[in-house]
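[1] sharing a model that was predicted from the sequence below.
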Amino acid sequence: IFFFFFRTFEDLRRKPRWIMGMVLIALLVSAYAFGISYKVGEAGMRRFMVEQLEKNPNIQSLDPEAKANAIDMQLKIQGYMRYSIPIIVVIALFIGGLLYFLGTKAFGGTGGFMQSLSVWVYSSIPPTVLAMLGSFIVLAIKSADEIDLATSQRGLINANPSMLIDGKAHPLLATLIATVDVFMIWGWILAAIGLRITNRLSSGSAWGVVIIIAVIGVLFRLLGAIFSGNPG
C-alpha cells in the first residue's frame, strides 16, 4: 500500500491535484454530521445543548424562558453550521496545505503550494475514509441513547486510548491521549512520505514539518477542550 502512495506522491510532484480528494473528504464529513444529527434527533440535540449551556455560569442565572430561547438559538446555529460544513472543510484543507507549504520552505523544500496542498489532502483521504465508514457502521448499529455527542464530534471509532479515560471528567487528558490515534498516525506517515517526495526533503526534515504542524494542531484541540469542557 505504501508503494502505491510512493507512486501517487511522485505523480503529485509532477502534476499536483486535490479537487476530487477535497470533495470526497467534504462529502464524508458532511454526511457524518447530518447522519449523527438525524440519529439522535432534535430531542437528543436539545439535551446536548442544555448540558453545554449549563456549564456557562451566565446561562445558569437566566430565567427558564431565557434559557429556552438560548437553546433554540443554539439549535438554529447548529443547523446552519451543518450546511456550511463543506465550506469549513475546504477552508481547513487550504489552511493545512498552506502550513505544509510554509513548513517545507523553512526546511528548504522545492515544491510549491499546490504540491503541499495535494499532500495534505491525499494524506488525509485514507484515514478520513476509514474513520467515517467505520463511524457510519457504528451509527447504524448503536441506539441513539448510546451516542455521546460531546465525544463523537470527530467520529465514533475510538482508535486511541482515550476510551479508557472519562472524557467529561478529564477533557484535557482525554484530548491529549486521543492524539495517539491510529488514523492520525497513519495520516502523519503518509504526509511525511508525501512531503519528502514532492518537496525533495530529507526524511528528517519531512518528519520535522509534520511533527511541528501536528503539535500546533494538538495545542488548538487542547484549547478547544478548555473552552468547551469536552474532549477534542
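    Now that the structure is in, tell me what you want to look at. Being a predicted model, the structure only gives us computed values, none of them experimental.
[2] next, the buried residues of the one helix or strand residue 22 maps to.
    Using DSSP states H and E, residue 22 maps to helix 19-54. Applying a neighbour-count criterion of 16 or more other Cβ atoms under 10 Å, one finds 21-22, 24-26, 28-30, 32-33, 35-37, 39-40, 44-46, 48-49, 52-53 buried in helix 19-54. (Each C-beta comes from the backbone N, C-alpha and C, glycine too.)
[3] ditto for stretch 222-232
    For stretch 222-232, by 16+ other Cβ under 10 Å, it's 222, 224-225, 229-232.
[4] burial count for the nearest residue to residue 190 once chain neighbours are set aside?
    Of all residues not flanking residue 190 in the chain, residue 123 sits nearest, at 3.8 Å (Cβ to Cβ, 6 or more residues apart in numbering). The number of residues packed near residue 123 is 26, by other Cβ atoms under 10 Å.
[5] who's in contact with residue 123?
    187-188, 190-191, 194 (Cβ atoms under 8 Å, 6 or more residues apart in numbering).
[6] can we see that at 10 Å?
    5, 9, 21, 96, 100, 186-195, 210 (Cβ atoms under 10 Å, 6 or more residues apart in numbering).
[7] cool, residue 165 as well?
    Per Cβ under 10 Å, 6+ apart, neighbours of residue 165: 171, 173-178, 231.
[8] show the average pLDDT along stretch 97-117.
    Mean pLDDT, stretch 97-117: 95.
[9] quick one: end-to-end distance for that stretch.
    With Cα to Cα, to the nearest Å as the measure, stretch 97-117 spans 4 Å from end to end.
[10] again, but for stretch 159-166
    First residue to last in stretch 159-166 (Cα to Cα) measures 16 Å.
[11] before we move on, back to that, residue 205 versus the residue nearest to residue 190, what's the distance?
    For residue 123, the distance to residue 205 (Cβ to Cβ, to the nearest Å) stands at 16 Å.
[12] now swap in residue 113 and tell me
    On the measure of Cβ to Cβ, residue 113 and residue 205 end up 18 Å apart.
[13] which one of these two is surrounded by more residues?
    residue 205 (20 against 16).
[14] that one sits in which helix or strand?
    helix 203-228.
[15] circling back to that earlier point, in JSON lines: the contacts of residue 165, plus distance to residue 128 and pLDDT.
    Output for these, formatted as JSON lines (distance: Cβ to Cβ, whole Å; pLDDT from 0 to 100):
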{"residue": "171", "distance to residue 128": "24", "pLDDT": "81"}
{"residue": "173", "distance to residue 128": "25", "pLDDT": "86"}
{"residue": "174", "distance to residue 128": "21", "pLDDT": "83"}
{"residue": "175", "distance to residue 128": "19", "pLDDT": "85"}
{"residue": "176", "distance to residue 128": "22", "pLDDT": "86"}
{"residue": "177", "distance to residue 128": "21", "pLDDT": "87"}
{"residue": "178", "distance to residue 128": "16", "pLDDT": "86"}
{"residue": "231", "distance to residue 128": "19", "pLDDT": "75"}
